[in-house]
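>>> need a structure here:
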Amino acid sequence: MSALFPLLAVLIWAANTVVSKAAAQVLDPAAISFYRWFVALLVLSPFCLRAFWRERHAIAPHWRRFAVLALLGMVLYQCLAYYAAHRTSATNMGVICALIPLLGLLLNSLVFRQAVSRSAMLGVLCSLAGVLYLLGAGHPLSLLDGGINPGDALMLVGSSAYALYGILLRRWAPPFGAWLNLYVQVVLAVLLLSPLAASADSLAIPPAGWPLVLFAGIASSVLAAYFWMRGIARLGAERTAIFMNLLPLFTALIASATLGETIHAYHWLGGGAILLGVSLSQGSLVRLWRKRQPD
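Below is the predicted model:
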């Protein structure tokens, strides 16, 4: 039963990738970027506002770090995903999201000079080959002539921002508990997104847009976070992280069933190479976890 929590979280996040694609047809990307976190703020406030007010003086010295985290994880990543949805498929978005662990590994190595094992480097090369195959729709050399699809490029940038978010969140480890840490970031995300929302062509939410906004703001931002935290509490961070490998598969299946997207052979081959690379890089984490278990 412990595995059910991260499994549900990944399923919700995969569905939200499809929601992002569906929202491209009915909502301004700036509008849904703002509404997602505004709804999350409304949902979380009854549970977190009192603690936030009580700890406000302790939180104040950390506000710059919280602002950076909100900018990377909630503003850049999510906004770019909504804009990317106008230019690429939900299936591609889900597969590119699978790169986040590898991007984190590369950023840790380049920015923080953390050593990379041979198996991890092999994983990076394998995933890179998968990405090139996917972005070239089965013809990687075509990227030399036509370049990368703008939507795929936006997802790569957004995924890189989220990978850096994960690194900084672990390094800074704000000492206020998972829910209060999340709430502070949501508050700052709403503030940071307000100027973008003001620039939207329209902030109106049509009838077809309400379910998408509510799903993004409640299911993806609050429920999935709860399930993920429960998974980490029961399984540990390393074992829980492995469930993210299911994200592209769930996304492709949901997109095929609801949006009619066709899953091509290059999705399976490119996505498979990416996941193989991620698995190779995560092997060292799994071995480390096993060593820590009592005999």
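
>>> in stretch 94-110, what counts as buried?
Across stretch 94-110, burial judged by 16 or more other CB atoms under 10 Å covers 94-108. C-betas here are computed from N, CA, C, even on glycine.

>>> Can you tell me which of those residues end up in helices?
When the buried residues of stretch 94-110 are checked against helices (DSSP state H), the matches are 94-97, 100-108.

>>> Would you format those as JSON lines with pLDDT included?
Listed next are those as JSON lines, based on pLDDT from 0 to 100:
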{"residue": "Gly94", "pLDDT": "85"}
{"residue": "Val95", "pLDDT": "80"}
{"residue": "Ile96", "pLDDT": "84"}
{"residue": "Cys97", "pLDDT": "84"}
{"residue": "Ile100", "pLDDT": "81"}
{"residue": "Pro101", "pLDDT": "76"}
{"residue": "Leu102", "pLDDT": "76"}
{"residue": "Leu103", "pLDDT": "81"}
{"residue": "Gly104", "pLDDT": "81"}
{"residue": "Leu105", "pLDDT": "76"}
{"residue": "Leu106", "pLDDT": "80"}
{"residue": "Leu107", "pLDDT": "84"}
{"residue": "Asn108", "pLDDT": "80"}
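
>>> quick one: which of those is nearest Gly217?
Relative to Gly217, the closest of those is Cys97; by CB to CB it sits at 19.3 Å.

>>> I'd say that closest one and Leu247 touch.
Yes. The pair Cys97 and Leu247 passes the contact test of CB atoms under 8 Å, sitting 5.6 Å apart.

>>> shared neighbours of the two, anything?
Common neighbours of Cys97 and Leu247, using CB atoms under 8 Å, 6 or more residues apart in numbering, are Thr17.

>>> The helix or strand where Lys21 lies packs against which elements?
Lys21 belongs to helix 4-23 when assigned by DSSP states H and E. Under the contact definition 3 or more CB pairs under 8 Å, 6 or more residues apart in numbering; DSSP states H and E, helix 4-23 sits against helix 77-84, helix 90-97, helix 210-214, helix 224-235, helix 247-258.

>>> just those: most buried one?
Ranked by mean neighbour count, the helices and strands packed on helix 4-23 are led by helix 90-97 with a mean of 27 (mean count of other CB atoms under 10 Å).

>>> what distance separates that one from the middle of the whole chain?
Chain-centre distance of helix 90-97: 11 Å, with CA atoms, centre = their mean, to the nearest Å.

>>> 539 is where my numbering starts, stick with that
Shifting the count to begin at 539 puts that one at helix 628-635.

>>> Dump the C-alpha coordinates for it into CSV.
Extracted in CSV, the C-alpha atoms of helix 628-635 (Å, rounded to 0.1, in the frame of the first residue of the first chain):
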residue,chain,number,x,y,z
ALA,A,628,1.4,16.3,-24.2
THR,A,629,3.2,13.1,-25.0
ASN,A,630,6.4,15.0,-25.8
MET,A,631,6.0,17.1,-22.7
GLY,A,632,5.7,14.0,-20.5
VAL,A,633,8.8,12.4,-22.0
ILE,A,634,10.9,15.5,-21.6
CYS,A,635,9.8,15.8,-18.0
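
>>> Let me know the angle separating it from helix 615-622.
Here helix 628-635 runs at an angle of 150 degrees relative to helix 615-622 (axes from the mean of the first three to the mean of the last three CA atoms, to 10 degrees).

>>> other SSEs contacting helix 628-635?
helix 542-561, helix 656-673, helix 688-710, helix 785-796, helix 803-830.

>>> Out of those, which is closest to Ala598?
Ala598 lies closest to helix 688-710 among the helices and strands packed on helix 628-635, at 15.2 Å (CB to CB).

>>> what comes into contact with that closest one?
600, 603, 606-607, 610-611, 614-619, 621-626, 630-631, 634-635, 637-639, 641-642, 645-646, 649-650, 673, 686.

>>> what does stretch 598-615 give?
Outside stretch 598-615, the residues that reach it (CB under 8 Å, 6+ apart) are 571, 575, 597, 695-697, 699-700, 702-704, 706-707, 710, 712, 719, 722-724, 726-727, 730-731.

>>> low pLDDT regions in the stretch 539-688 of the chain?
Applying pLDDT under 70 to the stretch 539-688 of the chain flags the ranges 539, 654, 658, 681-685.
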